[in-house]
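Student: Next come a sequence and a model predicted from it.
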Amino acid sequence: NAGVTQTPKFQVLKTGQSMTLQCAQDMNHNSMYWYRQDPGMGLRLIYYSASEGTTDKGEVPNGYNVSRLNKREFSLRLESAAPSQTSVYFCASSRTPQGSPLHFGNGTRLTVT
Amino acid sequence: GQQVMQIPQYQHVQEGEDFTTYCNSSTTLSNIQWYKQRPGGHPVFLIQLVKSGEVKKQKRLTFQFGEAKKNSSLHITATQTTDVGTYFCAVQADRGSTLGRLYFGRGTQLTVWP
């Protein structure tokens, strides 16, 4: 099993460009998450989907949109990238939204110039 | 959002020394999880604590959950170079939180000198 797969691994954007980060899990998990990681800031929750068909904002949702395409896939879209969105993005999944460990993908390193 | 403080931010030890990181919350927690992230890698789940006063061990790692379920610690005995990485706690509040919100501390970055 691949676990949680994120694409792409690296991306460079210019300010104002848009892009979608893809995430898929093959563990039949119900919940999926998008985090961003910046030096010294830990992991901050952008959006999450407690179950298929639902999405909710996390701590830092501004500038992002998400789509829970089906149970396996959860995408993150940047409509108009800004330098402040330069970060490492991690997708994660868990069996249930409460009390289950998170399984993380390998991350996407995004640079916005 | 959920407030969770993790200290220290950095810790440098010589191989063989012990290491402890602490996680403190302003509110009662339903559970706390610990993760390890190796340099350049992704966070990997270590353990979850649920019960008040719970203590769990994994080889040289000891995890504790406070009696009031507001704080936790991770202690590593006799560190090895393989322990290098950043250790994060992650919390969900006992009540009032939106289902699915898991908040991470800022992490403790451990460096081990051989």
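Tutor: That came through, no problem. Numbers count the residues shown, from 1 in each chain, chains lettered A, B, ... in the order given.

Student: Show me what from chain A comes close to chain B.
Tutor: Within chain A, the positions adjacent to chain B are A:31, A:33, A:35, A:40-45, A:48-50, A:56, A:58-59, A:90, A:97-99, A:101-107 by CB under 8 Å from any CB of the partner chain. Using the backbone N, CA and C atoms, a C-beta is placed for each residue, glycine as well.

Student: Around B:Tyr87, how many other residues sit close by?
Tutor: Around B:Tyr87 sit 24 other residues, with neighbours defined as other CB atoms under 10 Å in any protein chain shown.

Student: Against which helices or strands is the strand or helix carrying it packed?
Tutor: Per DSSP states H and E: B:Tyr87 is located in strand B:85-93. Strand B:85-93 is packed against strand A:42-49, strand B:4-7, strand B:19-25, strand B:29-37, strand B:71-76, strand B:103-104, strand B:108-113, with contacts defined by 3 or more CB pairs under 8 Å, 6 or more residues apart in numbering or on different chains; DSSP states H and E.

Student: With mean pLDDT, distance to B:Gln48 and mean neighbour count added, can I get the ones you listed in JSON lines?
Tutor: Output for these, formatted as JSON lines (pLDDT from 0 to 100; distance: least, CB to CB, whole Å; neighbours: other CB atoms under 10 Å in any protein chain shown):
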{"stretch": "strand A:42-49", "mean pLDDT": "93", "distance to B:Gln48": "16", "mean neighbour count": "23"}
{"stretch": "strand B:4-7", "mean pLDDT": "94", "distance to B:Gln48": "15", "mean neighbour count": "18"}
{"stretch": "strand B:19-25", "mean pLDDT": "97", "distance to B:Gln48": "13", "mean neighbour count": "21"}
{"stretch": "strand B:29-37", "mean pLDDT": "94", "distance to B:Gln48": "5", "mean neighbour count": "22"}
{"stretch": "strand B:71-76", "mean pLDDT": "98", "distance to B:Gln48": "11", "mean neighbour count": "20"}
{"stretch": "strand B:103-104", "mean pLDDT": "91", "distance to B:Gln48": "14", "mean neighbour count": "24"}
{"stretch": "strand B:108-113", "mean pLDDT": "96", "distance to B:Gln48": "18", "mean neighbour count": "18"}
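
Student: Present those strands as CSV; the columns should include distance to A:Lys14.
Tutor: Below are the helices and strands packed on strand B:85-93 laid out as CSV (distance: least, CB to CB, whole Å):
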stretch, distance to A:Lys14
strand A:42-49, 21
strand B:4-7, 35
strand B:19-25, 39
strand B:29-37, 29
strand B:71-76, 41
strand B:103-104, 30
strand B:108-113, 32
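
Student: and A:Arg77, which of these is closest to it?
Tutor: Within those, the stretch nearest A:Arg77 is strand A:42-49; the backing value is 10.1 Å (CB to CB).
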